[in-house]
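1. sequence plus the predicted model coming up.
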Amino acid sequence: MTHEPRLTAALRTLLNTQRVAALGTLGEDGHAFVSMVPFAIDAGSGHLILHVSGLAAHARNLERTPRVSLLVLQAEVAGEPVHALPRVTLDGTASVLEVDSPAWNAARGAYLARFQDVEYMTQLGDFRFVAIAVSGARQVAGFGAARSIDAQELAQVLRSAN
């Protein structure tokens, strides 16, 4: 068995246990816009998968400017300090997947594996699957445990997701 560094294991755990991210996009006016999005991981492609409504501001923003950022954060525990919460900010490029393409089918499968209760939403005409190709990240695994992560390590972590 290959040894996995502690911070890599912490990153894998964070991404596998948290299902919601804060998505940062740029509005038409150039201002930052942050919204909450559920996300899944397509281990085959190593992409993060979003399922967004075309009516949502963030969907229009990422189609116009595909550079995005996502923050995945461990949930706060009442009474515990918040400054050392494990988190990762992922930078990437979004692409809307063509309906019924192999990439769309893989994204749908990954998304429904994580969110079994929303199959009906995949049939709604205004919703689309978006793949985020992650290019880098900044991880904070706790107080005094922070690092930058390159695309290669991120791809390894995402391709081995549960």
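-> Arrived safely, thanks for sending.
2. I'd like to know how far the spatially most central residue of the chain sits from residue 6.
-> The residue lying closest to the centre of the chain (Cα atoms, centre = their mean) is residue 48, at 4.5 Å. Distance, residue 48 to residue 6, by Cβ to Cβ, to the nearest Å: 23 Å. C-betas here are computed from N, CA, C, even on glycine.
3. where in the chain is pLDDT low?
-> Across the chain, the ranges flagged by pLDDT under 70 are 1, 124, 162.
4. show me where this structure has strands.
-> For the chain, applying DSSP state E gives strands covering 20-26, 32-38, 40-42, 47-53, 67-73, 87-96, 127-142, 145-150.
5. contacting residues for the residue nearest to the centre of the chain?
-> 21, 39, 40, 41, 42, 70, 90, 92, 131, 132, 134, 158 (Cβ atoms under 8 Å, 6 or more residues apart in numbering).
6. and the gap between it and residue 142?
-> When residue 48 is compared with residue 142 (using Cβ to Cβ), they lie 23 Å apart.
7. likewise residue 81?
-> With Cβ to Cβ as the criterion, residue 81 and residue 142 are 10 Å apart.
8. of those two, who's got more company?
-> residue 142 (14 against 9; other Cβ atoms under 10 Å).
9. so the more buried one sits against residue 87, correct?
-> No: under the criterion of Cβ atoms under 8 Å, residue 142 makes no contact with residue 87, lying 9.8 Å away.
10. which residues sit against stretch 66-78?
-> Applying Cβ under 8 Å, 6+ apart, the set of residues contacting stretch 66-78 is 14-15, 17-18, 20-26, 37, 39, 48, 62, 82, 85-95, 132.
11. what residues sit buried inside it?
-> 66, 68, 69, 70, 72, 73, 74 (16 or more other Cβ atoms under 10 Å).
12. the fifth one and residue 14: what is the separation?
-> Spelled out, it's residue 72. 6 Å.
13. which residues are in contact with both of those two?
-> With Cβ under 8 Å, 6+ apart, residue 72 and residue 14 have common neighbours 87, 88.
14. who does the nearest residue to residue 114 once chain neighbours are set aside form a beta bridge with?
-> Computed as Cβ to Cβ, 6 or more residues apart in numbering, the closest residue to residue 114 that is not its neighbour in sequence is residue 40, at 4.2 Å. Applying DSSP bridges to residue 40 gives these bridge partners: residue 49.
15. this completes my enquiry, with thanks.
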